[in-house]
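Trainee: Quick one, fold the following:
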Amino acid sequence: MKSQALSSQYNPQQIIASSQINPFISGALPELSNLKHTLRRVCQRNNCAPPNPPSLFNFEIPEKYTLIKNGRRFLQYDSGSSDDRILIFFTKENLELMIKCNNWFVDGTFKSSPILFTQIYTIHVLTAHLLTSTVYALLPNKSQNTYVSLLNQLKKIKPTLLPKSIMSDFEMGSINAFKEVFPNLKTKRMPFPFLPMHLA
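Mentor: Below is the predicted model of the structure:
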């Protein structure tokens, strides 16, 4: 159980519940409250990631998880506790890159999204024939209003953001949001896995 506490984001109760404890050993284990305390202490000593919160409400993101290795801020926006919570991550240098490279490539991925969010939405730019990730957003759904909120927040942070075009998959909520926030934008739709071949 201690090794699982070090390598997972489950809370002590979940770790204990999921453990395959041999019935002969279970009688020799300490009481449940003592087990939980021991597992919490193991995590504290080893600087483990906090467990996944039970909901988007009322969870605080520890300061160290808002920064990148060099100490600069990476979590730039948190809409706050609600079912529609949005987290936006980027560096200020990446926003400058988005101004210089005003043809953007956007995509959402669902499989690797954290448990409480529906997707990780990313914005990329093409630099020296390489796609560079510039913005990561954790989104609660894929509604057009959510994409509009994301884009408006980026514009609020950096008013000079003005893409000329985006290349996107076939997610209409995202495409329509870009057209709403950036009315003069040109859009091109293409399945994202084929983008590298298209750019070659």
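Trainee: residues contacting Asn58?
Mentor: Ser81 (C-beta atoms under 8 Å, 6 or more residues apart in numbering). C-beta here means a position set from N, CA and C on the backbone, and glycine is covered the same way.
Trainee: Just the element for it, please.
Mentor: Counting by DSSP states H and E, Asn58 is held by no secondary-structure element, helix or strand.
Trainee: again, but for Pro163
Mentor: Applying DSSP H and E, one finds Pro163 in no helix or strand.
Trainee: ok, it touching Phe182?
Mentor: Yes. If you go by C-beta atoms under 8 Å, Pro163 and Phe182 touch, sitting 6.0 Å apart.
Trainee: Those two: who's more crowded?
Mentor: Applying other C-beta atoms under 10 Å to Pro163 and Phe182 shows that Pro163 carries more neighbours, namely 22 against 19.
Trainee: can you pull out the strands in this structure?
Mentor: 75-78, 87-89, 103-109, 119-127, 130-139, 165-168, 186-189 (DSSP state E).
Trainee: Make a markdown table out of these and add mean neighbour count.
Mentor: As requested, the strands of the chain are exported to a markdown table (neighbours: other C-beta atoms under 10 Å):
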| stretch | mean neighbour count |
| --- | --- |
| strand 75-78 | 17 |
| strand 87-89 | 20 |
| strand 103-109 | 19 |
| strand 119-127 | 19 |
| strand 130-139 | 18 |
| strand 165-168 | 20 |
| strand 186-189 | 13 |
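Trainee: And the helices in the protein?
Mentor: With helices called from DSSP state H, the chain shows them at 2-7, 12-18, 23-26, 32-45, 92-100, 144-157, 172-181, 195-199.
Trainee: can you list the domain ranges for the chain.
Mentor: The record's domain parsing of the chain by automatic domain parsing lists 2-45, 63-199.
Trainee: and those domains, which is most packed in?
Mentor: For the domains of the chain, the largest average neighbour count (mean count of other C-beta atoms under 10 Å) is found in domain 63-199, namely a mean of 15.
Trainee: and it, average pLDDT?
Mentor: Average pLDDT, domain 63-199: 88.
Trainee: Please name the bridge partners of Ile120.
Mentor: Thr109, Leu138 (DSSP bridges).
Trainee: Thought Ala137 was touching it, still the case?
Mentor: Yes. With contact defined as C-beta under 8 Å, Ile120 and Ala137 form a contacting pair (7.3 Å).
Trainee: where's the nearest residue to Met98 once chain neighbours are set aside relative to Lys158, distance?
Mentor: Spatial nearest neighbour of Met98, chain neighbours left out: Thr134 (5.2 Å); criterion: C-beta to C-beta, 6 or more residues apart in numbering. Separation of Thr134 from Lys158 (C-beta to C-beta, to the nearest Å) stands at 11 Å.
Trainee: Common neighbours of those two, please.
Mentor: What both Thr134 and Lys158 touch, as defined by C-beta under 8 Å, 6+ apart, is the set 95, 98.
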